[in-house]
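Colleague: I'll drop the sequence and a predicted model, then ask my questions.
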Amino acid sequence: MSADLVPPAHPVDWSQGAWLNPPVSAEPTPEGGLRVRPAEGGDFWRRTSYGFVHDDGEALLAPLPVGQAVEVDFLMDFSGQFDQAGVLVRVDEANWVKTGVEFCDGLPQVGAVVTREFSDWSTAPVPGWTGRVVSVRVSRTGDALTIRARAEGEPWHLVRLAPLDPTATALAGPFCCAPSRDGLQVHFTAWRQGPADLGVHPEE
C-alpha cells in the first residue's frame with residue numbers, strides 16, 4: 001500500500017480519551033504507552049450467529065469527525081481464545097465498528113466487525129504478526145471508513161471498507177477485550193490522529 005495515501009498522524013495523549021466501560025487497570029508505561037487489563041468476559045457483539053449482545057468491552061474514545069483518521073499501535077502477544085485489541089469506532093450501542101487482531105482458533109486473525117443492529121465479522125490469519133507491534137488505522141471520509149493494518153516495518157494492508165453515516169457523531173480509539181479469560185494485559189504503545197486517507201487505492 002502506497003504510503004502516499006496515508007498522511008502523517010500526530011500523537012494523542014491517553015488522557016484525551018474517555019473510557020467506555022473502564023478496565024480493571026490502565027497504567028502508563030515508561031515509554032509513553034498504556035498497559036490495559038480488561039475484565040474477564042467483556043466483548044462487543046450483537047446477535048449474529050451467537051445469539052447474544054455484548055456491549056461491555058473496554059475502549060478509550062475521543063471524537064472522530066469526517067476527514068480524520070485514528071491509528072492505534074499495540075504489542076500482539078495474545079494467547080487466549082478471543083483475546084483482542086485494536087480500534088473501536090462507535091456511534092451508539094447498535095452502530096459501531098471494531099477492527100484489529102483477535103486470537104481465534106489458535107491463530108492471530110486481523111479483521112473487522114461491522115455492526116448495524118447485527119454484527120458482521122471478517123477475518124484473515126496473520127501468524128507472522130505474533131510478538132510484533134501491530135498498527136491499526138481507521139480513516140473516515142464521506143460515508144465510509146477505510147480500515148488498514150500492518151505489522152511493524154511492513155506496508156499498510158487494506159482490511160475493510162465499511163459504511164458510516166456522514167452525519168453521525170462518532171467516537172474512536174483503542175479498545176481491548178478478553179471474552180474467555182482473566183489476566184489479559186494489552187500493551188498499547190501509541191495512539192495517533194490526523195488527516196484522513198487520500199484515497200482507497202493507489203491509482204485514485
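Modeller: In hand now; what should we look at? Remember, predicted model here, so these are calculated numbers, not experimental data. Numbering: from 1, shown residues only.
Colleague: Please count neighbours and contacts with C-alpha atoms only from this point.
Modeller: Noted.
Colleague: Quick one: mean pLDDT for the helix or strand where residue 176 lies?
Modeller: Taking DSSP states H and E as the definition, one finds residue 176 inside strand 171-177. Regarding strand 171-177, the rounded mean pLDDT is 98.
Colleague: With stretch 116-125 instead?
Modeller: For stretch 116-125, mean pLDDT rounds to 98.
Colleague: And stretch 6-22, by the same measure?
Modeller: Average pLDDT, stretch 6-22: 97.
Colleague: again, but for stretch 32-41
Modeller: Per-residue pLDDT values over stretch 32-41 give a mean of 98.
Colleague: buried set for it?
Modeller: Neighbour-count burial for stretch 32-41, counted by 16 or more other C-alpha atoms under 10 Å, picks out 33, 34, 35, 36, 37, 38, 39, 40.
Colleague: ok, the residue nearest to residue 78 when sequence neighbours are not counted - how many residues close by?
Modeller: What sits nearest to residue 78 in space, not counting adjacent residues and going by C-alpha to C-alpha, 6 or more residues apart in numbering, is residue 103, at 6.3 Å. Applying other C-alpha atoms under 10 Å, we find 23 residues neighbouring residue 103.
Colleague: for this structure, which spans come out with low pLDDT?
Modeller: 1-3, 204 (pLDDT under 70).
Colleague: for the residue nearest the centre of it, what are its contacts?
Modeller: Most central in the chain under C-alpha atoms, centre = their mean is residue 87, positioned 1.8 Å from the mean C-alpha point. Shown in contact with residue 87 (C-alpha atoms under 8 Å, 6 or more residues apart in numbering): 70-72, 98-100, 136-138, 172-175.
Colleague: please redo it, this time with the cut-off set to 6 Å
Modeller: Contact analysis of residue 87 by C-alpha atoms under 6 Å, 6 or more residues apart in numbering lists 98, 99, 173, 174, 175.
Colleague: what about the last one, how many neighbours?
Modeller: Pointing back at residue 175 there. For residue 175, using other C-alpha under 10 Å, the count is 28.
Colleague: Do I have it right that it meets residue 59?
Modeller: Yes: contact criterion C-alpha atoms under 6 Å: residue 175 and residue 59 qualify, at 4.0 Å.
Colleague: Please report how far the residue nearest to the centre of the chain lies from residue 203.
Modeller: Noted for residue 87: a distance of 27 Å to residue 203, by C-alpha to C-alpha, to the nearest Å.
Colleague: Kindly report the same for residue 45.
Modeller: For residue 45, the distance to residue 203 - C-alpha to C-alpha - is 35 Å.
Colleague: ditto for residue 186
Modeller: From residue 186 to residue 203 the distance is 36 Å (C-alpha to C-alpha).
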